[in-house]
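Student: Predicted coordinates and the sequence they were generated for:
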Amino acid sequence: MSAPKKLFIKTYGCQMNVYDSERMAEALGPSGYVTTDSADDADMILLNTCHIREKAAEKIYSELGRFKPLKAAKPDLKIGVAGCVAQAEGEEIMRRQPMVDLVVGPQSYHRLPALEAKAGGGAKALDTDFPEEDKFDHLAARPKAKRAPTAFLTVQEGCDKFCAFCVVPYTRGAEVSRPVDRILTEARDLVERGVREITLLGQNVNAYHGAGPDGDWSLARLIWDLNGIDGLERIRFTTSHPNDMSDDLIAAHGECEKLMPYLHLPVQSGSDRILKAMNRKHTAESYVRLIERIREARPDILISGDFIVGFPGETDADFDDTMALIEEVNYGQAFSFKYSPRPGTPAAERSMVEAAVADDRLQRLQALITKQQRAIQDAMVGRTVKVLFEKPGRLEGQMVGKSDYLHAVHVTGEVATGDIRPVRITESGPNSLGGEIVAG
Ligand code: 5AD
Ligand code: SF4
């Protein structure tokens, strides 16, 4: 047998991409590839790109530029671009960067082995189709190797919401849900291999409506079934749209014991005028009401959000509305971004808020979020929370894991990766909590 070839994958962006990169590595196993952490000794380099952040394509071009000496030294090296930038600009990438051998969009990863075989030695391979099939079905079965205690599981891809700023409906395509049996099979397989926490992934995960044995299942129905899998201890899901928070999903947060008290529910803005301009199809008031209902079902739930500041047309008064909404909701975690135009989206045609104004707003918003986040974290001190331990910490004898609320927690003591133990929180730092394992 010939020596294995080495595959280096660099992953940008969301958890969906982290998951896809793992699947791509598995798909290329039968073609003789094993993964490596270094681009220098790779036989194939794959950039799994994200288009959601600013200047994504430019960053990919400069990253590719850095691989030029490697390609010059090793002409057989195959270079591929995957992910949302590949989907959006595949042909342009091939034209601008002749050293790229392969371009593959997120819906075509099952065709990666064939594309890899075709590409190289001057031949190019490009696939950015949206086929009508479940790409994960065609990917190689996972080898039965032990896994880390937490895993992602994609249940849904794409989005039909068309928020005016967002490329996802264009790069990932229309909303498609995977059938129930495939998800349950994958979940059981993960659990057999040591996984204790599964995060269900989808760009619009709570719009899930996959085919089940008795008609379409909602996300809540799926979560209830996963709840019955022995050995699976925790269930999470991300990312949700407020308009798809159905009654059964809200109720599940109160009743389903394995569903964790953490919800990422982006609102983007607290101004109805801006929400309308963003085509979000909800108001600030309806979002706040929704949060109230979720908290009625699960009072201790930790709410996380996404915000965009400086959306075209955003005035000081609109921004004040966003700050007021944040005050009202009280976030335990949030991601905030300065608006940046994505070519092809409706908002890209509109005139921008002055950069200095947007910078100032972002700073103020982040200061408020940090304050709330810290207060919620500090209030954990003295409480006992369950922690799923994931890996050794930075200090000798230390282990780190995540609480039910997704706070990073470190302890010193006799625990193993994959253990779930009650921990009494004794300190709150900028990025994590510290505690002591409670005996018994
Ligand atoms: N500009 C700034 N932020 C954006 N996001 C999506 N598109 C843009 C854009 N054009 C943010 C949103 C979304 C998160 C994943 O990224 O807040 O929820
Ligand atoms: Fe993008 Fe999310 Fe809006 Fe869909 S719901 S268009 S993924 S921001």
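Tutor: Received, thanks. Ligands and ions are numbered 1, 2, ... in the order given.

Student: residues from the protein in reach of ligand 2?
Tutor: Counting by C-beta under 6 Å from any ligand atom, the residues of the chain close to ligand 2 are 159, 161-163, 166, 168-169, 203-204, 241. All C-beta spots, glycine's among them, are computed from the backbone N, C-alpha and C.

Student: Now list the buried members of these.
Tutor: 159, 161, 163, 166, 168-169, 203-204, 241 (16 or more other C-beta atoms under 10 Å).

Student: Would you check which pair of those residues lies furthest apart?
Tutor: Farthest apart among those by C-beta to C-beta are 169 and 241. That separation is 12.0 Å.

Student: any residues in contact with both of the two?
Tutor: In the contact map built from C-beta atoms under 8 Å, 6 or more residues apart in numbering, the residues linked to both residue 169 and residue 241 are residue 161.

Student: tell me, which of the residues of the chain next to ligand 2 make contact with ligand 1?
Tutor: Within those, those near ligand 1 by C-beta under 6 Å from any ligand atom are residue 166.

Student: Out of the buried ones among the residues of the chain next to ligand 2, which sit inside helices?
Tutor: Secondary structure assignment (DSSP state H) places 168-169 from those within helices.

Student: Quick one: list the elements packing against the lengthiest helix in the chain.
Tutor: Here the longest helix in the chain is taken by residue count, with DSSP H as the criterion, and it is helix 355-378. If contacts are counted by 3 or more C-beta pairs under 8 Å, 6 or more residues apart in numbering; DSSP states H and E, helix 355-378 sits against strand 302-309, helix 316-329, strand 333-338, strand 420-428.

Student: ok and it relative to strand 420-428, angle-wise?
Tutor: Between helix 355-378 and strand 420-428, the angle comes out at 120 degrees (axes from the mean of the first three to the mean of the last three C-alpha atoms, to 10 degrees).

Student: next helix or strand past helix 355-378?
Tutor: The first helix or strand that comes after helix 355-378 along the chain, using DSSP states H and E, is strand 384-392.

Student: Distance from that following strand to the middle of the chain?
Tutor: For strand 384-392, the distance between its averaged C-alpha position and the chain's averaged C-alpha position is 21 Å (C-alpha atoms, centre = their mean, to the nearest Å).

Student: cool, stretch 222-241 as well?
Tutor: With C-alpha atoms, centre = their mean as the basis, the mean position of stretch 222-241 lies at 16 Å from the chain mean.

Student: buried sites along it?
Tutor: 222-224, 226, 229, 232-241.

Student: Check the average confidence over that stretch, would you?
Tutor: Stretch 222-241 shows an average pLDDT of 98 in the prediction.

Student: hey, where'd the helices end up in the protein?
Tutor: Assignment of helices within the chain using DSSP H yields the ranges 15-27, 56-66, 68-73, 83-96, 112-118, 135-138, 168-171, 180-192, 219-227, 247-255, 272-277, 284-297, 316-329, 355-378.

Student: Where among those is average confidence lowest?
Tutor: Here the lowest mean pLDDT among those goes to helix 135-138, at a mean of 66.

Student: Around the residue in the stretch 301-440 of the chain that ligand 2 sits nearest to, count how many other residues there are.
Tutor: Nearest residue of the stretch 301-440 of the chain to ligand 2, counting by C-beta to the nearest ligand atom: residue 306, 7.8 Å away. Using other C-beta atoms under 10 Å, residue 306 has 14 other residues around it.

Student: Need the nearest residue in space to it, chain neighbours excluded.
Tutor: Once flanking residues are discounted, residue 306 sits nearest to residue 266: 3.5 Å by C-beta to C-beta, 6 or more residues apart in numbering.

Student: contacting residues for that neighbour?
Tutor: Residue 266 is in contact with 239-242, 305-307, counting by C-beta under 8 Å, 6+ apart.

Student: Would you check how far apart residue 92 and residue 403 are?
Tutor: 44 Å (C-beta to C-beta, to the nearest Å).

Student: neighbour-wise, which of those two wins?
Tutor: Of the pair residue 92 and residue 403, residue 403 is the one with more neighbours under other C-beta under 10 Å, namely 22 against 13.

Student: is it true that the more buried one touches residue 386?
Tutor: Yes - counting by C-beta atoms under 8 Å, residue 403 touches residue 386, with 6.7 Å between them.

Student: Now the common contact residues for those two.
Tutor: When contacts are counted by C-beta under 8 Å, 6+ apart, residue 403 and residue 386 have residue 423 as shared neighbours.

Student: Report the beta-bridge partners for the nearest residue to residue 383 once chain neighbours are set aside.
Tutor: Of all residues beyond its chain neighbours, the one nearest residue 383 is residue 425 (5.6 Å), with distances taken as C-beta to C-beta, 6+ apart. Each beta-bridge partner of residue 425 is listed here, defined by DSSP bridges: residue 435.

Student: my guess is residue 425 meets residue 378, correct?
Tutor: No - counting by C-beta under 8 Å, residue 425 stays clear of residue 378, with 9.6 Å between them.
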